[in-house]
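Asks: following is a predicted model, sequence given first.
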Amino acid sequence: MTEPSSVWGKADVSSGKGASDENFPVGSFLISKALRPHVHAYYAYARVIDDIADCETLTPDEKLARLNAMEDVLLGKREAIMRPDSMSAAVLRASLTRTGVPFETATDLIIAFRDDSRGVEYKTWDDLLHYCKYSANPVGRFLIHLHRESANAFAASDALCTSLQILNHLQDCQKDLQRLNRCYMPSDMMALAGVTQDDLLAGRTSPRLRRVFNTLLDGVDDLNTQASALPTHIQDRRFRMECAAIVELAKRLTLRLRREDPLAGRVALKRADALHAAGAALRAWS
Ligand SMILES: CC(C)=CCC/C(C)=C/CC/C(C)=C/COP(=O)(O)OP(=O)(O)O
């Protein structure tokens with residue numbers, strides 16, 4: 001209302017994606033009814049800033065300006081305008097204020113999405129972990145804070161979220177390069193295997209590129225092992241079941257990405273994976 005439209009831009013850059021489009025359950029029935037609106041507020045805000053960074057029509061500067069505006073609304077430095085993108089930051093501000101969940105769980109995401117907007121190159125595995133620290137780990141920490149669980153859960157949660165993020169990078173590696181000219185595969189691994197980004201545009205994965213994928217999946221296996229401890233740190237039964245289910249889904253998706261080709265088609269979780277996740281959740285009941 002008080003903001004010049006140039007700050008937000010006229011275009012709606014929403015991808016139209018919703019919670020049901022995600023790999024992993026967002027605000028599922030295992031999250032208590034009282035906390036669900038807060039999870040939805042976080043998700044809506046994260047979706048908006050992700051869509052800004054992934055928009056194919058905005059320039060890097062326009063993306064950065066919008067991300068800055070979102071952060072300003074979140075931190076109460078700028079008034080929201082009556083638009084879904086801006087309002088999502090205002091709604092999350094109210095939610096974080098009410099629940100006492102640290103604002104960092106929301107501002108950290110913006111750090112990662114600024115890198116996405118600028119087009120940062122990931123040279124090493126550690127560079128990738130650094131990206132995930134800001135793009136994915138805050139999501140788990142948000143949920144842990146929201147449930148008032150112990151900080152002892154952070155390490156396993158970070159491992160889980162980083163695993164999920166790298167799995168998502170592998171699923172989308174071709175699409176990210178084609179649509180956004182973005183590559184999360186560390187350039188040192190690509191060079192060592194003797195491949196270039198062009199190999200990601202082929203109709204199937206070459207044996208050399210498969211080496212890069214498998215090296216990443218070896219790292220993901222280690223992360224999944226660390227993540228397995230997560231349920232043992234969670235007191236709330238339903239949230240513990242949710243965590244166990246998501247750890248299982250991460251393991252199942254890792255296996256699929258070893259056996260299936262992400263360049264030949266979308267590697268996605270199937271009904272059998274959901275059944276395994278339900279089994280893991282039930283085992284975490286006690
Ligand atoms: C403590 C706990 C339960 C932690 C788990 C929290 C969680 C589900 C984190 C996921 C973070 C992440 C990589 C999202 C990408 O989702 P996506 O693969 O759907 O990506 P996209 O929509 O951007 O393609």
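Replies: Received, thanks. Residues are numbered from 1 along each chain as shown.
Asks: contacts, neighbours, all on C-alpha from now
Replies: OK.
Asks: any chance you could map the strands in the stretch 101-250 of the chain?
Replies: Taking DSSP state E, counting those that start in this stretch to define them, one finds no strands in the stretch 101-250 of the chain.
Asks: get me the contact residues on it for the ligand.
Replies: Residues of the stretch 101-250 of the chain lying close to the ligand by C-alpha under 6 Å from any ligand atom are 136, 139, 140, 143, 157, 161, 164, 165, 168, 243.
Asks: state the pair within the residues you listed that is farthest apart.
Replies: Greatest spatial distance in these: 143 and 168, 19.7 Å, computed using C-alpha to C-alpha.
Asks: the two: who's more crowded?
Replies: In this view residue 143 and residue 168 are compared by other C-alpha atoms under 10 Å, and residue 143 has more residues nearby, 21 against 15.
Asks: nearest residue to the more buried one other than its sequence neighbours?
Replies: The spatially closest residue to residue 143, leaving aside those adjacent along the chain, is residue 39, at 7.7 Å (C-alpha to C-alpha, 6 or more residues apart in numbering).
Asks: any idea how far residue 142 is from the one you found?
Replies: In this view, residue 39 and residue 142 are 9 Å apart by C-alpha to C-alpha, to the nearest Å.
Asks: work out for me the element the residue nearest to residue 143 sits within.
Replies: The secondary structure element spanning residue 39 is helix 36-53 (assigned by DSSP states H and E).
Asks: that helix vs the ligand: in contact?
Replies: No - no part of helix 36-53 sits close enough to the ligand to count as contact by C-alpha under 6 Å from any ligand atom; the gap is at least 6.9 Å.
Asks: repeat for stretch 252-265
Replies: No - applying C-alpha under 6 Å from any ligand atom, one finds stretch 252-265 separated from the ligand by no less than 10.6 Å.
Asks: the stretch 51-200 of the chain: helices as residue ranges?
Replies: Using DSSP state H, counting those that start in this stretch, the helices found in the stretch 51-200 of the chain span residues 60-74, 84-99, 104-118, 125-135, 137-146, 154-171, 173-180, 187-193.
Asks: got the angle for the third one vs helix 125-135?
Replies: It stands for helix 104-118. Counting by axes from the mean of the first three to the mean of the last three C-alpha atoms, to 10 degrees, helix 104-118 points 130 degrees away from the direction of helix 125-135.
Asks: by how many degrees do helix 104-118 and helix 36-53 diverge?
Replies: With the same axes, to 10 degrees as the basis, helix 104-118 and helix 36-53 are set at 20 degrees to each other.
Asks: which elements pack onto helix 104-118?
Replies: helix 36-53, helix 60-74, helix 125-135, helix 137-146 (3 or more C-alpha pairs under 8 Å, 6 or more residues apart in numbering; DSSP states H and E).
Asks: switch the cut-off to 6 Å
Replies: Other elements packing on helix 104-118 under the criterion 3 or more C-alpha pairs under 6 Å, 6 or more residues apart in numbering; DSSP states H and E are helix 36-53, helix 125-135.
Asks: and for the fourth one?
Replies: Applying 3+ C-alpha pairs under 6 Å, 6+ apart, one finds that helix 125-135 contacts helix 104-118.
Asks: just the buried positions in the helix it packs on, please.
Replies: Buried residues in helix 104-118, counting neighbours by 16 or more other C-alpha atoms under 10 Å, are found at 105, 106, 107, 108, 109, 110, 112, 113, 114, 115, 116, 117.
Asks: with stretch 240-259 instead?
Replies: Neighbour-count burial for stretch 240-259 flags 240-254, 256-257 (criterion: 16+ other C-alpha under 10 Å).
Asks: do stretch 153-164 as well
Replies: Of all the residues in stretch 153-164, those buried under the rule 16+ other C-alpha under 10 Å are 153, 154, 156, 157, 158, 159, 160, 161, 162, 163, 164.
Asks: for the residues you listed, which one is nearest residue 207?
Replies: Proximity of the buried residues of stretch 153-164 to residue 207, judged by C-alpha to C-alpha, is greatest for residue 163, which lies at 23.0 Å.
Asks: in space, what's closest to the closest one - neighbours in sequence excluded?
Replies: Distances taken as C-alpha to C-alpha, 6+ apart place residue 220 nearest to residue 163, at 5.3 Å, with adjacent residues excluded.
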